[in-house]
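**Student:** sharing a model that was predicted from the sequence below.
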Amino acid sequence: MELNKSDYAVQIEDLTVAYDAKPVLWDIDLDIPRGKLMAVIGPNGAGKTTLLKAMLGLLVPVSGTVRFFQETDNSLRKLKNKVAYVPQSGSVDWDFPATVLDIVLMGCYGRLGFIKRPGKIDREAAMQSLRKVGMEDYASRQISQLSGGQQQRVFLARALMQTADIYFMDEPFKGVDVQTEKAIVILLKELKESGKTVVVVHHDLQTVPEYFDWVTLINIKVIASGPVEEVFHEQNLKKAYRSTCNLLKSVV
């Protein structure tokens, strides 16, 4: 079934991003439908994280446009209540002196601004978000005292506080234990079932068919994008990973 423009959460046209004059993403055209749970996969150095940051306006592209929900003004200022971002855990300064509850409450600053302080209702909502990720008992704990998996759950709870329409997550399963991974998957699927669009940079090919309903394969360029059952196959994987290793055979 062909989609109308209004059915897309994100539309990218002719996007090119370069570091030191070397293209990291080249001439990207990509449409992401609303209400999908989408994996972005590709080898190391393929530009997966760069793609997320370019969509979010955290990187300035050489050329191209990114449009959210058909808006002509895609500034972060205007989109702050529509878009949530969970970065890679390794890119966060975990020594920042804040409690778990403080970090989660940061998710409502887009709505409140930095002058108005969160109130009782906001704190109750933050605790509810922590309960959803199984971290309510750690609300008063310093963020630096948590394990990697626990820290990742806290940042997911912060994203939930934004009540966004689209969620970007950069390798949320990296370095977490099995229990945390299962909890994250349940949460992502709940977001999708509630009509949210979720875009996840993912590295484990084995779990793509189980976790996601949409997938984009990239390696500098977009190799393929669409429903998992249609585009997640050996031919596209070979194009993306430029390999015929046993991993590909075990997936498809």
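**Tutor:** That came in fine, so what should we check first?

**Student:** mind saving the C-alpha coords of whichever strand or helix holds Thr16 as CSV?
**Tutor:** For Thr16, the host element (DSSP states H and E) is strand 8-19. Taking Å, rounded to 0.1, in the frame of the first residue of the first chain, the C-alpha atoms of strand 8-19 are listed here in CSV:
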residue,chain,number,x,y,z
TYR,A,8,5.4,9.8,7.4
ALA,A,9,7.0,10.9,10.7
VAL,A,10,10.3,11.8,9.0
GLN,A,11,11.3,12.5,5.4
ILE,A,12,14.9,12.9,4.4
GLU,A,13,16.0,14.2,1.0
ASP,A,14,19.5,14.3,-0.5
LEU,A,15,21.2,14.3,2.9
THR,A,16,25.0,14.4,2.9
VAL,A,17,27.2,14.6,6.0
ALA,A,18,31.0,14.9,6.0
TYR,A,19,33.8,14.9,8.6
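
**Student:** just the residues contacting the helix or strand following it, thanks.
**Tutor:** As assigned by DSSP H and E, the chain's next helix or strand after strand 8-19 is strand 22-33. Residues outside strand 22-33 that contact it (CB atoms under 8 Å, 6 or more residues apart in numbering): 3, 7-18, 38, 47, 50-51, 54, 61-62, 64, 197, 199, 214, 216, 218, 220-222, 225. Where you see a C-beta, it was placed from the backbone N, CA and C, and this is true even at glycine.

**Student:** distance of Met38 from Arg131?
**Tutor:** Going from Met38 to Arg131 by CB to CB, to the nearest Å gives 27 Å.

**Student:** then Tyr138?
**Tutor:** In terms of CB to CB, Tyr138 sits 11 Å off from Arg131.

**Student:** more neighbours: these two, which one.
**Tutor:** Tyr138 (18 against 13; other CB atoms under 10 Å).

**Student:** residues contacting the more buried one?
**Tutor:** Counted by CB under 8 Å, 6+ apart, Tyr138 has contacts 100, 130, 146, 150, 154.
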